[in-house]
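Chemist: Okay, sequence plus prediction incoming.
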Amino acid sequence: MTAPVGDEALLRRRREGWGAASRWAPPAALIVAVLVLWQLATRVWEIDDWLLPAPTDIVRAGYEARSLLAPHTWQTAQETLWGFLLALVVGMALGFAIDRWPLARNALYPILITSQTIPIVAIAPLLVIWFGYGIWPKILVVGLICFFPIAVSTADGLRGADPEMIALLRTMGARPRDLLTKVRFPGALPIIFSGVRIAITYSVVGAILGEWVGASRGLGVFMLRATNSFRTDWVFASIAVTSLISVSLFGLVAVAERLALPWYYTAAREERWEEI
């Protein structure tokens, strides 16, 4: 005897809810445990605030310095977003070029790999010399850090298209443009989004690094000034804001991926349900 369709759908939603909770509960519990142990350690051993402030002191210091943190946070957010958009455009363009033309693949792929062996801290000062202390050097640093995973994932995703589907469409008279728009690019989107998630994670780090080399505003500048003033609580507060920006951007990419690939996640849910 089978369950009614409505009961089966309700049971499925409950199982999916428990599955999501089981994925988020362990890291959340671990973070809470680390914060509690951190708080207790600073109180029991009476650690000086300039050496290691307690989490509650960091939260209080960040709230008190919110008027100072706000403009620096906005500056870093701008650098991160513009740099990531630059990396997205350039990375996808390079990925399409590598996939489309064998000569471009042979010429560009080794250069892309070699570019990742050059320390970005060696390039950032040159960008400051060439473009000054404005926002452009930081945007370029973010772009240089983020474009590689996007370019590689785009090229690999396009090359990994289903050959049987391509052969079927060719027998039906499909043109190369039709193959790209109907099979190759949609099929490559999950891999492309994997590269985008990696890139967005590194984007804020790139902005901070660019600010350390030369800037007058930004979370990197705030960190340096707080360190020189022995305001360790402000340093930790700026680190927390940096992490919050990174997690928020990662979440936005995840939402965009689910909106762009509803068929992909529907199939994944169906597969998990069948396994259960």
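Modeler: Perfect, thanks for sending it.

Chemist: From here on, just use CA atoms for contacts and neighbour counts.
Modeler: Will do.

Chemist: low-confidence ranges in this protein?
Modeler: Along the chain, segments meeting pLDDT under 70 span 1-22, 264-276.

Chemist: could you redo the last one with a cut-off of 80?
Modeler: Judged by pLDDT under 80, the chain has its weakly predicted residues at 1-24, 161-170, 172-174, 176, 178-179, 181, 263-276.

Chemist: How is it partitioned into domains?
Modeler: 1-46, 54-275 (automatic domain parsing).

Chemist: what's the most buried one of the ones you listed?
Modeler: Ranked by mean neighbour count, the domains of the chain are led by domain 54-275 with a mean of 18 (mean count of other Cα atoms under 10 Å).

Chemist: which residues in the stretch 1-150 of the chain form helices?
Modeler: With DSSP state H, counting those that start in this stretch, the ranges of helices along the stretch 1-150 of the chain come out as 5-44, 55-64, 66-100, 102-115, 120-131, 136-159.

Chemist: Would you mind measuring from residue 181 to residue 161?
Modeler: 12 Å (Cα to Cα, to the nearest Å).

Chemist: got the contact list for the closest residue to residue 56 other than its chain neighbours?
Modeler: Nearest non-adjacent residue to residue 56, counting by Cα to Cα, 6 or more residues apart in numbering: residue 39, 7.5 Å away. When contacts are counted by Cα atoms under 8 Å, 6 or more residues apart in numbering, residue 39 is found next to 54-56.

Chemist: Would you agree residue 197 is in contact with residue 252?
Modeler: No - here residue 197 lies out of contact with residue 252, judged by Cα atoms under 8 Å, at a distance of 9.7 Å.

Chemist: Put together a markdown table for the helices of the stretch 1-150 of the chain, with distance to residue 219 on each row.
Modeler: Formatted as a markdown table, the helices of the stretch 1-150 of the chain follow (distance: least, Cα to Cα, whole Å):
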| stretch | distance to residue 219 |
| --- | --- |
| helix 5-44 | 23 |
| helix 55-64 | 13 |
| helix 66-100 | 5 |
| helix 102-115 | 27 |
| helix 120-131 | 17 |
| helix 136-159 | 12 |
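
Chemist: any idea which helix or strand comes after the helix or strand hosting residue 201?
Modeler: Assigned by DSSP states H and E, residue 201 belongs to helix 185-213. Proceeding N to C from helix 185-213, the next assigned helix or strand is helix 219-228, under DSSP H and E.

Chemist: So what touches that next one?
Modeler: So helix 219-228 is in contact with 69, 72-73, 75-76, 207-209, 211-212, 215, 232, 234-235, 238, 242, going by Cα under 8 Å, 6+ apart.

Chemist: which one of those is nearest residue 143?
Modeler: If you rank the contacts of helix 219-228 by distance to residue 143 using Cα to Cα, residue 207 comes first, at 9.4 Å.

Chemist: check contacts around that closest one.
Modeler: Contacts of residue 207 by Cα under 8 Å, 6+ apart are 76, 79-80, 138-139, 141-142, 220.

Chemist: One more: residue 155?
Modeler: With Cα under 8 Å, 6+ apart, residue 155 has these contacts: 94-96, 98-99.

Chemist: Counting neighbours, what do you get for residue 53?
Modeler: 22 (other Cα atoms under 10 Å).

Chemist: give me every residue that touches it.
Modeler: Residue 53 neighbours (Cα under 8 Å, 6+ apart): 42, 47, 232-233.

Chemist: Keep only those of those residues that are in strands.
Modeler: In strands, judged by DSSP state E, none of the contacts of residue 53 are found.

Chemist: Reformat those into CSV and put distance to residue 165 next to each item.
Modeler: As requested, the contacts of residue 53 are arranged in CSV below (distance: Cα to Cα, whole Å):
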residue, distance to residue 165
42, 61
47, 64
232, 58
233, 57
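
Chemist: Closest to residue 23 out of those?
Modeler: Looking across the contacts of residue 53 and measuring by Cα to Cα, the closest to residue 23 is residue 42, at 30.4 Å.

Chemist: Leaving out chain neighbours, which residue sits closest to the closest one?
Modeler: residue 54 (5.9 Å).

Chemist: Could you do residue 148 as well?
Modeler: Setting aside the residues directly before and after it, residue 148 is nearest to residue 91 in space (Cα to Cα, 6+ apart), at 6.5 Å.

Chemist: right, and the one you found touches residue 153 too?
Modeler: No - using Cα under 8 Å, residue 91 is not in contact with residue 153; the gap is 9.1 Å.
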